[in-house]
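A.B. asks: I'll drop the sequence and a predicted model, then ask my questions.
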Amino acid sequence: MRGNTAAMETLTERAALMRESMQKTQSITDNMVAILGSFDRRLSALETAMRPTQAQFFPYLRAHENIDKTLKTAEPILAQFDLARKAEAKILRGPHEDLESYLEAVDQLRSIIRFFGGNKGLKSSIGVINQANNLLNKAIFKLEEEFRQLLTSYSKPVEPDRLFDCLPNSMRPSTGSPGPGDGEANLKKTEHQNKSMETVVYNLPTLIPPRLLPLLHDMAMQMIQAGHQQQLSDIYREARSSAVEQTLRKLGVERLGKEDVQKMPWEVLEAKIGNWIHFMRISVKLLFAGEKKVCDEIFEGHDDLKDQYFAEVTGNSVSVLLSFGEAIAKSKRSPEKLFVLLDMYEIMRELKPEMEIIFRSKFCGEMRESSLVLTKRLALTAQETFGDFEEAVDKDATKTAVLDGTVHPLTSYVINYVKFLFDYHSTLLQLFKEFGNGDAEEQLASITTRIMQALQSNLDGKSKQYKDPALTQLFLMNNIHYIVRSVRRSEAKDLLGDDWVQIHRRVVQQHANQYKRIAWSKILQCLSVQGLQSGGSGSFGDNGSTAGVSRSNVKDRFKNFNFLFEEIHQRQSQWTVPDSELRESLRLAVAEVLLPAYRSFIRRFGPLIEGGRNPQKYIRYSPEDLERMLAEFFEGKTWNEQKR
């Protein structure tokens, strides 16, 4: 019995000591003291009740069992109060010094609330729960401020050089930032890049140190559990959207509308378009992809929230980027814009898979739709610009004639334009497929043929500006030859076909023959034997006799030949045949007709002149002189150069 009494005394002392310890806390201590007081009263009553029956064995055993049960019931409750005291101390110190310990304390508070919520039979459970909830609310507000401070301090804009270092080597600008045209220069290699895209590696930039992400995740989860989603959204959007937008501004992205674009000189606009293409690739493949990774890690386990927050962070930046593309697509069309439109169309198609993955959630639906709309609009504008080009070539009204009959600037412009188009061969085919209007290859061949026809039609009109019909033929010969040679050396040959090439080679030869006939028929008549006899109707015998030939007529023939040849030499030395092979071929064709006729004429009728006075007055040139002078034709020499 003494043992039992001693046990009761020990329990009483322990309750008294615990009561004294709990006085150091406020409301929680009072609640615990009340519960312990209840235990004390129950034990005192038990001791009083047992005194009359101390001699009875079985009551003693029952009393001993009750004491054990009471002790077992009290121990977990006492443990919860001990946890509450420790958690409160951590909460009061704040999260800044030891964030991980602070988060543990918040979890402990939630555990205490759950414990007493399940033991509502205890008199002071409601009070304990209220006190713990109040402390938990304070803890969450402190945690919210810590989350804001930590996220903001590490949400700094990424410097352009860091982004460039994440690009594949072939796409990095040569200088620290993309100057005018740098982006465009990179994108001119898009066809090649697309073919080897499997080997291209992009390294995502580190936007937030990896060691912080688990802590930010745990803090975010506590805020979400406390129902602070809106506060969390505001904090996250403010910090991260600011970082993304500042990064793009540092990179050179600016919001430009249709009016801004219309006012810009073409050279400035072309450079901005080239840079925009570069910025789009960096933004989607690096910046937005990196931002998605950060958002997914911080809000892991809450798919809807992480998708919503990511959309809020990137929405404005995506809008700024796409608005420039929209402005270009809606701006006034012009032939020179076709290639930049194709470049823009290419980058949008290249980025389409990433856009669909990164912005796949329902919260990003508007961004995905805007991207698709821009891609379609660029395709449509490019196709319309292509059609405009055919019409522009046909109706080009340039009045400036090339005085020397060389290749017209329109011809070189159109041919270079068409050749450049074939750098975009696959893109053009995709462009035609975009609208599903029949076989894309046939469409491309058809429009290329029509452009060539429009060019030739325009050249025919320009050739009529020449007063000299021989120069008209030379001009057409030069230009058609340039077209044929350029087509043969480009992919256009496969599209237009060998028949087209052969037909136009014959056209070149026809113009060359016409030139010879028009330019040299009159002078060749001077070397004809007809009309030289004094009667004007005789012919020469087989032996080449000059009997009955009027010396005066022969002199006139030589005088006329000299005058005509000098005039032709002076004029046609200023004309130009830019292709060296064609130039030599034409000179040879003239020489093959002129020189034999001249030699024959001199051989037959030269003696009639050489026997008289001043033969050099009439026979000014030897066949060798003519051959030397023919070598000066079509060189584009000025009159002063000829005199020297």
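C.D. replies: Thanks, I have it. Numbers count the residues shown, from 1 in each chain.
A.B. asks: After the host helix or strand of residue 455, heading C-terminal, what element do we hit next?
C.D. replies: According to DSSP states H and E, residue 455 maps onto helix 440-463. Sequence order places helix 469-488 as the next helix or strand after helix 440-463, per DSSP H and E.
A.B. asks: Next, the angle from that following helix to helix 440-463.
C.D. replies: Helix 469-488 and helix 440-463 are oriented at 160 degrees to each other (axes from the mean of the first three to the mean of the last three Cα atoms, to 10 degrees).
A.B. asks: Which elements pack onto the following helix or strand past helix 469-488?
C.D. replies: As assigned by DSSP H and E, the chain's next helix or strand after helix 469-488 is helix 492-496. With contacts taken as 3 or more Cβ pairs under 8 Å, 6 or more residues apart in numbering; DSSP states H and E, helix 492-496 sits against helix 440-463, helix 469-488. For glycine as for every other residue, the C-beta is placed from the backbone atoms N, C-alpha and C.
A.B. asks: Single out the most deeply packed of these.
C.D. replies: Among the helices and strands packed on helix 492-496, helix 469-488 has the highest mean neighbour count (mean count of other Cβ atoms under 10 Å), at a mean of 22.
A.B. asks: and stretch 262-277, which residues are buried?
C.D. replies: Buried residues in stretch 262-277, counted by 16 or more other Cβ atoms under 10 Å: 269-277.
A.B. asks: In JSON lines, list those along with pLDDT.
C.D. replies: What follows is those, written out as JSON lines (pLDDT from 0 to 100):
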{"residue": "269", "pLDDT": "93"}
{"residue": "270", "pLDDT": "93"}
{"residue": "271", "pLDDT": "94"}
{"residue": "272", "pLDDT": "95"}
{"residue": "273", "pLDDT": "95"}
{"residue": "274", "pLDDT": "94"}
{"residue": "275", "pLDDT": "95"}
{"residue": "276", "pLDDT": "96"}
{"residue": "277", "pLDDT": "96"}
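A.B. asks: ok, the residues you listed vs residue 304, which is closest?
C.D. replies: Residue 304 lies nearest to residue 276 out of the buried residues of stretch 262-277, by Cβ to Cβ, at 32.8 Å.
A.B. asks: So which elements touch the helix or strand where the closest one lies?
C.D. replies: Assigned by DSSP H and E, residue 276 belongs to helix 266-282. Packed against helix 266-282 by the contact rule (3+ Cβ pairs under 8 Å, 6+ apart) you find helix 182-187, helix 229-251, helix 303-330, helix 337-358.
A.B. asks: 7 Å - rerun?
C.D. replies: helix 182-187, helix 303-330, helix 337-358 (3 or more Cβ pairs under 7 Å, 6 or more residues apart in numbering; DSSP states H and E).
A.B. asks: Quick one: find the helix or strand in the protein with the lowest mean pLDDT.
C.D. replies: Least confident element among the helices and strands of the chain, by mean pLDDT, DSSP states H and E: helix 182-187 (a mean of 42).
A.B. asks: if we can go back for a sec, dump the helices and strands packed on helix 492-496 into a markdown table; add mean pLDDT and distance to residue 525 as well.
C.D. replies: As requested, those are exported to a markdown table (pLDDT from 0 to 100; distance: least, Cβ to Cβ, whole Å):
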| stretch | mean pLDDT | distance to residue 525 |
| --- | --- | --- |
| helix 440-463 | 91 | 26 |
| helix 469-488 | 96 | 15 |
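A.B. asks: how about CSV for those helices, with distance to residue 245 added?
C.D. replies: What follows is the helices and strands packed on helix 492-496, written out as CSV (distance: least, Cβ to Cβ, whole Å):
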stretch, distance to residue 245
helix 440-463, 40
helix 469-488, 48
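A.B. asks: Flag the shaky bits of the stretch 401-550 of the chain, pLDDT-wise.
C.D. replies: 436, 533-548 (pLDDT under 70).
A.B. asks: cool, the chain as well?
C.D. replies: Ranges of the chain meeting pLDDT under 70: 1-137, 174-199, 399, 436, 533-548, 639-644.
A.B. asks: Helices along the stretch 501-644 of the chain, start to end?
C.D. replies: 551-572, 580-610, 623-630, 639-643 (DSSP state H, counting those that start in this stretch).
A.B. asks: swap in the stretch 101-250 of the chain?
C.D. replies: Going by DSSP H, counting those that start in this stretch, the stretch 101-250 of the chain shows helices at 125-153, 160-165, 182-187, 190-195, 213-225, 229-251.
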